[in-house]
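Requesting a structural model of the entry that follows:
(one chain, ligands or ions: 1)
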Amino acid sequence: MRVFNFSAGPAVLPEAVLRQAAAEMLDWHGSGMSVMEMSHRGKEFIGIAAKAEADLRTLLSIPANYKVLFLQGGAIAENALVPMNLLAGRTAADYINTGEWSKKSIKEAKKYCTVNVAASAEDRNFTYIPPRETWKLDAAAAYVHVCTNETIGGVEYQWTPDTGAVPLVADMSSHILSRTVDVAKYGVIYGGAQKNAGPAGLTLVIVRDDLLDRALPIIPSAFHWKEQAANDSMVNTPPTYAIYVAGLVFEWLLREGGIAAIESRNVAKAKLVYDCLDRSEFYLTAVRKEDRSRMNVPFKLRDASLDEAFLKGAKERGMVQLKGHRAVGGMRASIYNAMPIEGVQTLVSYLEDFEREHG
Ligand SMILES: *Cc1c(COP(=O)(O)O)cnc(C)c1O
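Residues are numbered from 1 along each chain as shown. Model prediction:
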């Protein structure tokens, strides 16, 4: 029996995708082999990767002057590779600090450049997105970095920052493909696939082509966006199976009606959970309402001594991975694209029942 998996990542995948991968495991489309066994330079795999890229471009309406790269190392590697790929001729970058993942990006960037924290939400324990008019940007910065959905704190940008001529760089790991996005407003978008796009092992990088000439000479070839763009992400052996499964997820999203359709479902799912939490004094939420994440819903039980009983009861009802991140404690429900509405309804009924029993 499959559980409702509220993990923040690696996370739930669409059941239809898992079934298709299972059905194709031993013999992909009459090739007589698994995708795992294919040469990345053979025509079968080149077709799989090209289809995945084309579908991703369709889903996100990625303009022609942007490259799509399928890399490895995850967002944490990109935290270092963003400065290495963009710092030529510059010495500083602007960062907006909205929580744990921003802090990790900042820590990494400090190894390569002067980091100007242009705005921070630390003063209120990372429970909001600092409004654009408070940002102290530096016109000479190589780029402005944001984390558009803070997976741990549960804050999400509901607007796109305008950074003028300075390229905007976004870690979108945990909400890419969950909502429409105007790619043209960004210089670079990156994210690990394992939250909303596929299995772990694949990193998505979407980069405007005029930014490909800004790498430091020390950049490793496998992480040099320009070299990877010129070689269809095959400077090294790409994560072939992860690309294939992500491709199946992209096909699933298209069948479901595309990003706008998924976004309206995500709005409805998040509303169910937040409305339930807001009706109650038994549960606490910290994030400012306007900045709440649709993907990751952190909450606390007012009486933390009930945490264990809460998690145990959830498991008995087939719901797992609701424990909050160790950095913040409490609970967290990650409700990515592939979390069915039934999972969210089961959670809401349980929240109400548990309160009735223990409140
Ligand atoms: C999960 C996550 C990361 C870390 O990704 P890795 O694939 O482990 O490198 C970075 N940023 C955000 C916003 C995340 O949600």
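
What pLDDT does the model give G359?
pLDDT recorded at G359 is 86.

I figured it was touching R279, is that so?
No - taking contacts as CB atoms under 8 Å, G359 lies outside contact range of R279: 11.7 Å. C-beta coordinates here come from the backbone N, C-alpha and C atoms, glycine included.

Within range of the ligand, give me the residues from this protein.
9, 74-76, 101, 147, 151, 171, 173-174, 192, 195 (CB under 6 Å from any ligand atom).

In helices, which of the residues you listed fall?
Those of the residues of the chain next to the ligand mapping onto helices are 74-76, 101, per DSSP state H.

most surrounded residue in the residues you listed?
A75 (26 neighbours; other CB atoms under 10 Å).

Show the contacting residues for that one.
Residues in contact with A75 (CB atoms under 8 Å, 6 or more residues apart in numbering) are 101, 171, 173, 190-192, 203.

In contact with V166, which residues?
Listed by CB under 8 Å, 6+ apart, the contact partners of V166 are 94, 137, 139, 141-144.

For the ligand, what's its nearest residue on the stretch 1-150 of the chain.
Residue nearest to the ligand within the stretch 1-150 of the chain (CB to the nearest ligand atom): G74, separated by 2.4 Å.

quick one: the lengthiest helix in the chain to chain centroid distance?
Counting residues, the longest helix in the chain under DSSP H turns out to be helix 258-279. Remark: helix 258-279 is offset 17 Å from the chain centroid, using CA atoms, centre = their mean, to the nearest Å.

and after that helix, which helix or strand comes next?
The C-terminal neighbour of helix 258-279 among helices and strands, as given by DSSP states H and E, is strand 283-284.

Spatially nearest residue to V183, not counting backbone neighbours?
I62 (5.2 Å; CB to CB, 6 or more residues apart in numbering).

same thing with W28?
V35 (5.1 Å).

I'd assumed D27 was in contact with the one you found.
No - judged on CB under 8 Å, V35 makes no contact with D27 at a distance of 10.2 Å.

picking up where we left off before, now the residue nearest to V183, what's its secondary structure?
coil (DSSP: H, G, I helix; E, B strand; the rest coil).

residue contacts, it?
Contacts of I62 by CB under 8 Å, 6+ apart are 56, 68, 183, 206.

coming back round to it: can you list the residues of the chain next to the ligand in a markdown table and add pLDDT?
Listed next are the residues of the chain next to the ligand as a markdown table, based on pLDDT from 0 to 100:
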| residue | pLDDT |
| --- | --- |
| G9 | 97 |
| G74 | 97 |
| A75 | 98 |
| I76 | 98 |
| W101 | 98 |
| C147 | 99 |
| T151 | 98 |
| D171 | 98 |
| S173 | 98 |
| S174 | 98 |
| G192 | 98 |
| K195 | 97 |
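
any idea how far V297 lies from A286?
V297 sits 11 Å away from A286, going by CB to CB, to the nearest Å.

Between the two, which is the more surrounded one?
Per other CB under 10 Å, whichever of V297 and A286 has more neighbours is V297, with 24 against 18.
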